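> Provided below for reference: sequence and predicted model.
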Amino acid sequence: MARITAATLRDMKVIGLVSFGHMMSHFYFLILPPILLLLKDEFRTNYTTLGLLMTAFAVAGGLAQTPVGFLVDRIGGRRVLLWGLLMEGACIAAIGFTAELWQMFALYTLAGAFNAVFHPADYAIISASVARERLGRAFSVHLFSGNLGFALAPLTMGVMVAFWDWRTAFIATGAIGVVFALYLWMLGGLFDDDLARGRARKAAGKAAGEAGRDKAGLALLFSFPILMCLLFFIMMTLGFTGLRAFMVTALNVMFETPLGVGTAALTSFLLFSSLGILAGGVLADRIGPRVSTAVATLVSAGALVLAIGAVPMGATLLILVSGASGFLQGLLMPTRDLLIREVTPDGSMGKVIGFLSTGMMAASGVVPALFGWLIDRGAADYVFWLSAVFVIGSLLSFVSVRGRAPPRTGIRPGGGPGA
């Protein structure tokens, strides 16, 4: 049995801690859909309004992503991550004490803004702390944790509501985020930031008279490869956010699928997406970001989404098909992140991921309100048709950025301890 080195162990600790925080951020993002029926009755509202509640969370996060990304590159990811997790957990816990829908809107919107810290800070920390040869798997574990948060949200909220009530569920899950933020603060200097490496790269460039050639700041964000990555983020988010938010409701409206079966299908989609991400990390480290991987996964995943919305299925078949679509989607995600790292200069990971996440959160904000509106008007099948079109359509942007990715220069990425 191979001995685990100190550098490897440190990488594992960093990945595990950052990924747990990422899991909580995704859990909070999907904390509402499992209890939409309860909230609809509690506040005497409709699905369009509840969709707008999720839109407020996503829009607030989207607006904050790019500024947070610049902040991460300026002061480092660790401090930004700690404060974001602490404040988001506090906002989620406070929702349990709300008496009016506007109060929930205000707190959930604030939670969305603080949720913006995770992607820029996480990717900056992982890129700087983890050895290059483990970077694909590091991204896969990080992504897996996010999908695990999505998958655990319906189950956890359902169990907590069954034993207590939705208010207690918010208080308890918010408290977990607060406690974990305090734990990360106690660990001190375990994390590296992309900050120091970015400064070293800029200093080297200036000494060589090449500082003017660096694609920095806004110029980098509007370069062709980054814009294509942004389009990919938007298309994929449009394709899968609607499924996560309204799959259970749409199946019930269209085919009278029992809520228990619909929830099982959604859980299968999310869990198998997580498994696909883990497998995709190994694949990405072995073969790199290849177009063939994108073609095989995106087309097949989109076709299965179409089938779910077009053909009434029994419980077992529905769960299996949902799981297969989720697995294929997840398989591509580490390859996506490795491609982003290829086209991002050292010291710029925070702003690039923040910029891409802005597009992702903006798309997340549009979809819930749109799909809620469609369901209210008897067009629940569009949840699946539109999702499939966006998933398959995202292939074009992946192929474009892969074909135009510039060669990396400067400090080797992922050059943390043990690289």
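Cool, got the structure.
> Low-confidence regions, the protein specifically.
For the chain, residues meeting the criterion pLDDT under 70 lie at 1-4, 7-8, 131-133, 188-217, 287-292, 346-347, 365, 401-419.
> Geometric centre of it: which residue is closest?
Nearest residue to the geometric centre of the chain (Cα atoms, centre = their mean): Gly146, 5.9 Å.
> Distance of it relative to Asp122?
According to Cβ to Cβ, to the nearest Å, Gly146 and Asp122 sit 9 Å apart. Every residue, glycine included, has its C-beta placed from N, CA and C.
> overlap in contacts of these two?
The contact sets of Gly146 and Asp122 overlap at His22 (Cβ atoms under 8 Å, 6 or more residues apart in numbering).
> Give me the phi and psi angles of Ser223.
Dihedral pair for Ser223: phi -80, psi 160, per degrees, to the nearest 10.
> re the thing from before, which residues are in contact with the residue nearest to the centre of the chain?
Contacts for Gly146 (Cβ under 8 Å, 6+ apart) come out as His22, Met23, Ser25, His26.
> at 10 Å what do you get?
Each residue near Gly146 by Cβ atoms under 10 Å, 6 or more residues apart in numbering is listed here: 19, 22-27, 29, 118-119, 122, 273-274, 277, 333.
> Compare those and tell me which has the most neighbours.
Tallying neighbours with other Cβ atoms under 10 Å puts Phe118 at the head of these, with 31 neighbours.
> Contacts only, for the residue lying closest to that residue once chain neighbours are set aside.
Nearest non-adjacent residue to Phe118, counting by Cβ to Cβ, 6 or more residues apart in numbering: Ser25, 4.3 Å away. Residues near Ser25 by Cβ under 10 Å, 6+ apart: 61, 81, 84-85, 88, 111, 114-119, 122, 145-146, 149, 177.
> In which helix or strand does Ser25 reside?
Element membership of Ser25 [criterion: DSSP states H and E] is helix 6-29.
> right, and the helix or strand after that helix?
helix 36-43.
> Which positions within that next one qualify as buried?
Leu36, Leu39, Phe43 (16 or more other Cβ atoms under 10 Å).
> Return the distance of it from the chain's centre.
26 Å (Cα atoms, centre = their mean, to the nearest Å).
> Taking helix 36-43 as reference, get the angle to the longest helix seen in the chain.
If you go by DSSP state H, the chain has its longest helix at helix 224-255. Relative orientation of helix 224-255 versus helix 36-43 (axes from the mean of the first three to the mean of the last three Cα atoms, to 10 degrees): 80 degrees.
> Following element in sequence after helix 224-255, please.
Past helix 224-255, the next helix or strand by DSSP H and E is helix 259-287.
> other SSEs contacting that following helix?
Contact here means 3 or more Cβ pairs under 10 Å, 6 or more residues apart in numbering; DSSP states H and E; on that basis helix 259-287 packs against helix 135-163, helix 224-255, helix 291-310, helix 315-343.
> Nearest to Leu107, out of those?
helix 135-163 (16.7 Å; Cβ to Cβ).
> buried stuff in the closest one?
Residues 135-154, 156-158, 160-161 are the ones in helix 135-163 that count as buried (16+ other Cβ under 10 Å).
> And for stretch 78-96?
Neighbour-count burial for stretch 78-96, counted by 16+ other Cβ under 10 Å, picks out 78-82, 84-96.
> Inside helices: which ones of those?
Counting by DSSP H, those place 78-82, 84-95 in helices.
> Excluding covalently adjacent residues, which one is nearest to Ala315?
Nearest residue to Ala315 in three dimensions, chain neighbours excluded: Val261, at 4.6 Å (Cβ to Cβ, 6+ apart).
> Tell me, how many residues neighbour that neighbour?
Neighbours of Val261 under the rule other Cβ under 10 Å: 19.
> Repeat that for Leu9.
Leu9 has 11 nearby residues by other Cβ under 10 Å.
> How much space separates it from Arg134?
With distances taken as Cβ to Cβ, Leu9 is found 12 Å from Arg134.
> next one: Ile308
Taking Cβ to Cβ, one finds Ile308 at 35 Å from Arg134.
> the more surrounded of these two?
Ile308 (26 against 22).
> ok, now which ones touch that one?
Neighbouring residues of Ile308 by Cβ under 10 Å, 6+ apart: 243, 247, 250-251, 254-255, 265, 269, 317-318, 321-322, 325, 383-384, 387-388.
> run the last query once more with 7 Å
Contact analysis of Ile308 by Cβ atoms under 7 Å, 6 or more residues apart in numbering lists Leu318, Val321, Ser322, Phe384.
> Also Tyr47?
Tyr47 is in contact with Leu36, Lys40, Gly372, Ile375, Asp376, counting by Cβ under 7 Å, 6+ apart.
> Between these, which sits nearest Gly359?
Gly372 (21.2 Å).
> wait, isn't that closest one in contact with Thr48?
Yes: using Cβ atoms under 7 Å, Gly372 makes contact with Thr48 at a distance of 4.8 Å.
> Between the two, which has more neighbouring residues?
Ranked by neighbour count (other Cβ under 10 Å), Gly372 and Thr48 place Gly372 first, with 26 against 17.
> so where does the closest residue to the more buried one other than its chain neighbours fall, helix or strand?
Among residues not flanking Gly372 along the chain, Gly51 sits closest, at 3.0 Å (Cβ to Cβ, 6+ apart). Following DSSP H and E, one finds Gly51 within helix 47-75.
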